[in-house]
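*Asks:* Requesting a structural model of the entry that follows:
(chains A and B)
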Amino acid sequence: MVKKGTWVSIRKTLLEAAERTGRLPEETKKVPLVMWNKGYLAADAEIGDTVTVTTRTGRTQEGILEEAEPHWELGYGNFVPELLRIGDDARKMLFGGDDK
Amino acid sequence: MSRDMSYDAVMSRKTEIVKASAGIDFDQFESGSVAFDYERMLKSTGYDFDSVKRIQREVGVGNTPMLELRNLTALARKIAGPGKGARIFVKDEACNPSGSFKDRRAAMAAYHAKKAGYPGVLAATSGNFGAAVASQAAMRGLKCIIVQETYDSRKVGQPEIIEKARKCEAYGAEVVQTTVGPELFYQSLSLLESTGYFSASLYSPFGIIGVETLGTEVSEQIMALTGKQPDAVVITNAGGGNVTGTARGLRRAGCKAAVIGASVNLKGLHMASDTAFNKKSFTTGHTGFGIPFVTNPDRSDVPRSAARPLRYLDRYVTVNQGEVFYMTELLATLEGMERGPAGNTSLAAAFAIAQEMNEDQILVVQETEYTGAGKHVQPQLSFARDNGIDIHFGNPADEVPGESIILPESPASMRVDELNLDHMRKSFIKGAIDGHDKLTDEDIEYLAAETGSTVEFVKQNI
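*Replies:* Residues are numbered from 1 along each chain as shown, chains lettered A, B, ... in the order given. Coordinates of the predicted model:
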């Protein structure tokens, strides 16, 4: 159970696929327009419940409880070997060393 | 209160919501025919140039360093013919409080929102502008909501966009994230209506007048460093505000430098496609915005956009994604400046353009942007590879957006593709006069100004 007052993320479908506007590519028309938001949980709830939160600006927003204490998973990705070559080539070309 | 918040109901109230949230009544600038009074619209904010400078200074925006890129210039000269290779300078806009030139635009919106008594500001953007508005709102003690197109239907998002959401939250903003689709506009209108916030539009006059200081600073700094005016300035073009504001500032300073727009080539990728969304590695500064906004700037979120790049562009070029990533890496390894990829679009173009110019000429790249986890060459290329994009060295001209990212085989493989501005001017005129049977003399002169052409050119093309 997620306790009242916990910082959570919620999901809400704004427009079902059938409600979407006309000028969209087919692949976009097939899927709903979904929104995510975060806020303090108004009452104890389980993941997947429809809940109400108070957002950072103090608004009340309803949605489906998705995650408690959501965190960022940003990083620098996997090793990209090409990047080493770019720098090495240019430095050789500019500052010498090899015939490259 | 039980207002109907359905899609159709909200969209039917669009005009009144925009009017209340933009702080400007756009009707007053219309002539009733094709023409509208652009200059009067820009003056309507009530802030003259000195006020803009003062307001930006208050919040530490602007006066960013101008750096000469000596090693990149030397590299360009090694490739260029004898006597060729202009000196390349870059304006380090990453030094603004939130890390990009967008602070100049946000500073004016936030200042005005506070002064006019709005409780908060809202911006719909997945770009650096969101961070800029959030940062300026923090400084002015305003609430802030950023609406961001973030994910595809699998809830997979570009690391660059997610980093910007994180940054907005760091400044205390509420971030509303959506899946792909232009209906994001509906969500923004709903929020503007229910909160009574000021709309920090990139396209309103507030979003443009703040960029003029960038142009005047370029002129003044190059004069101080070299004793001359720059010969050309390369400006990344998306919605047109960067080009418009910078060019106006250059003119204000009496600088006649050629104004060159540059966008990342994303030909063939639909901007509202759920499946193409994560196949591109650039979320702004690309042709998907650049070209449509040049030919019809009024497709924006205000009735008349203050960003009108065709008025100012002398030349418009594209570069490929692989070239921008390549140049971002060169900026780090040759110049010791680690900056965000998207902000280096104009630098990638400049490296090729400098080689056409003479050694005694000066070419300015007028921005950089911050970098960090997610918003960096490595995670962006790693993400592209995970999404099935073929990344390899080769001829950048062979790159197919959405399928491949081709890193230049060597610095000598860097080049720009020209876009035909006359073609865009004709397209602009055609769109502007559509539905108008009779054009007045004022209309003809307006169209000449709008397209950066002449009355003769307009007459030949109506």
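*Asks:* Please point out which parts of stretch B:443-454 sit buried.
*Replies:* By 16 or more other Cβ atoms under 10 Å in any protein chain shown, the buried positions in stretch B:443-454 come out as B:Asp443, B:Ile444, B:Tyr446, B:Leu447, B:Ala448, B:Ala449, B:Glu450, B:Thr451, B:Gly452, B:Ser453. The way it works is simple: take the backbone N, C-alpha and C, and place the C-beta from them, glycine included.
*Asks:* farthest pair in those residues?
*Replies:* Distances among those were taken as Cβ to Cβ; the most separated pair is B:Asp443 and B:Gly452, at 16.3 Å.
*Asks:* Can you tell me the element B:Ile145 falls in?
*Replies:* Taking DSSP states H and E as the definition, B:Ile145 sits inside strand B:143-151.
*Asks:* Remind me what that strand packs against, helices and strands.
*Replies:* Helices and strands touching strand B:143-151, by 3 or more Cβ pairs under 8 Å, 6 or more residues apart in numbering or on different chains; DSSP states H and E, are strand A:33-41, strand B:120-124, helix B:128-140, helix B:159-170, strand B:174-179, helix B:184-195.
*Asks:* can you tell which of those is closest to B:Lys375?
*Replies:* helix B:159-170 (4.4 Å).
*Asks:* wait, B:Ala137 sits on B:Ala131?
*Replies:* No - counting by Cβ atoms under 8 Å, B:Ala137 sits too far from B:Ala131 to count as a contact (10.7 Å).
*Asks:* what sits in contact with each of the two?
*Replies:* B:Tyr171 (Cβ atoms under 8 Å, 6 or more residues apart in numbering or on different chains).
*Asks:* B:Met414 is in contact with B:Glu323, isn't it?
*Replies:* Yes - B:Met414 is within contact range of B:Glu323, at 5.6 Å (criterion: Cβ under 8 Å).
*Asks:* which SS class is the residue in chain B positioned nearest to chain A?
*Replies:* Of all residues in chain B, the one sitting closest to chain A is B:Ser382 (2.7 Å; Cβ to the nearest Cβ). Recorded secondary structure, B:Ser382: helix (DSSP: H, G, I helix; E, B strand; the rest coil).
*Asks:* how near is it to B:Gly130?
*Replies:* Noted for B:Ser382: a distance of 23 Å to B:Gly130, by Cβ to Cβ, to the nearest Å.
*Asks:* So if I had to pick from these two, which one is more boxed in?
*Replies:* B:Gly130 (29 against 19; other Cβ atoms under 10 Å in any protein chain shown).
*Asks:* That one and B:Thr236, how far apart?
*Replies:* B:Gly130 is 17 Å from B:Thr236, by Cβ to Cβ.
*Asks:* quick one: contacts for the residue lying closest to B:Asn387 once chain neighbours are set aside?
*Replies:* Closest residue in space to B:Asn387, ignoring its immediate chain neighbours: B:Asn278 at 5.1 Å, by Cβ to Cβ, 6 or more residues apart in numbering or on different chains. Neighbour list for B:Asn278: B:Asp152, B:Val156, B:Gly157, B:Gln158, B:Phe383, B:Asn387 [criterion: Cβ under 8 Å, 6+ apart].
*Asks:* so can I have TSV of those residues showing neighbour count, pLDDT and distance to B:Ser2?
*Replies:* Below are those laid out as TSV (neighbours: other Cβ atoms under 10 Å in any protein chain shown; pLDDT from 0 to 100; distance: Cβ to Cβ, whole Å):
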residue	neighbour count	pLDDT	distance to B:Ser2
B:Asp152	22	96	34
B:Val156	14	95	37
B:Gly157	24	94	34
B:Gln158	25	92	38
B:Phe383	20	97	43
B:Asn387	16	95	43
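*Asks:* what does the stretch 51-200 of chain B put close to chain A?
*Replies:* Contact residues (Cβ under 8 Å from any Cβ of the partner chain) of the stretch 51-200 of chain B with chain A: B:71, B:74-75, B:78, B:120, B:143-145, B:150-151, B:153, B:155, B:159, B:162-163, B:166, B:169, B:172-184, B:186-187, B:194-195.
*Asks:* which of the residues you listed are buried?
*Replies:* Judged by 16+ other Cβ under 10 Å, buried ones among these: B:71, B:75, B:120, B:143-145, B:150-151, B:153, B:159, B:162-163, B:166, B:169, B:173-181, B:183-184, B:186-187, B:195.
*Asks:* What is the burial count for the spatially closest residue to B:Pro303 that is not a sequence neighbour?
*Replies:* Computed as Cβ to Cβ, 6+ apart, the closest residue to B:Pro303 that is not its neighbour in sequence is B:Phe26, at 4.1 Å. Counted with other Cβ under 10 Å, the neighbours of B:Phe26 add up to 18.
*Asks:* and the lengthiest helix in chain A with chain B, contact?
*Replies:* Longest helix in chain A by number of residues (criterion: DSSP state H): helix A:82-95. Yes - using Cβ under 8 Å from any Cβ, helix A:82-95 reaches chain B at A:Glu82, A:Leu83, A:Arg85, A:Ile86, A:Gly87, A:Asp89, A:Ala90, A:Arg91, A:Met93, A:Leu94.
*Asks:* what comes up buried for that helix?
*Replies:* For helix A:82-95, by 16+ other Cβ under 10 Å, it's A:Glu82, A:Leu83, A:Ile86, A:Asp89, A:Ala90, A:Arg91, A:Met93, A:Leu94.
*Asks:* Show me what it is packed up against.
*Replies:* Judged by 3+ Cβ pairs under 8 Å, 6+ apart, helix A:82-95 is in contact with helix B:70-79, helix B:321-335, helix B:377-386, strand B:390-394.
*Asks:* Let's see that with 10 Å instead.
*Replies:* Judged by 3 or more Cβ pairs under 10 Å, 6 or more residues apart in numbering or on different chains; DSSP states H and E, helix A:82-95 is in contact with helix B:70-79, helix B:321-335, helix B:377-386, strand B:390-394, strand B:404-408.
*Asks:* quick one on the thing from earlier: please name the residues that touch the residue of chain B closest to chain A.
*Replies:* By Cβ atoms under 10 Å, 6 or more residues apart in numbering or on different chains, the contact set of B:Ser382 is A:Gly75, A:Tyr76, A:Gly77, A:Asn78, A:Phe79, A:Val80, B:Pro159, B:His376, B:Ile391.
*Asks:* Not counting sequence-adjacent ones, nearest residue to it?
*Replies:* Leaving aside its chain neighbours, B:Ser382 sits nearest to A:Gly77 (2.7 Å; criterion: Cβ to Cβ, 6+ apart).
*Asks:* Please tell me how far the residue in chain A positioned nearest to chain B sits from A:Pro70.
*Replies:* Closest residue of chain A to chain B, Cβ to the nearest Cβ: A:Gly77 (2.7 Å). Using Cβ to Cβ, A:Gly77 is found at 21 Å from A:Pro70.
*Asks:* Count the neighbours of B:Asp417 for me.
*Replies:* B:Asp417: 15 neighbours (other Cβ under 10 Å).
*Asks:* Actually, B:Ala332.
*Replies:* Around B:Ala332 there are 18 residues (other Cβ under 10 Å).
*Asks:* in terms of contact, does B:Glu356 touch B:Gly85 like I think?
*Replies:* Yes - with contact defined as Cβ atoms under 10 Å, B:Glu356 counts as touching B:Gly85 (9.2 Å).
*Asks:* Which neighbours do those two have in common?
*Replies:* B:Leu363.
*Asks:* which one of those two has more residues nearby?
*Replies:* Counted by other Cβ under 10 Å, B:Glu356 and B:Gly85 do not tie: B:Gly85 has more neighbours, with 24 against 15.
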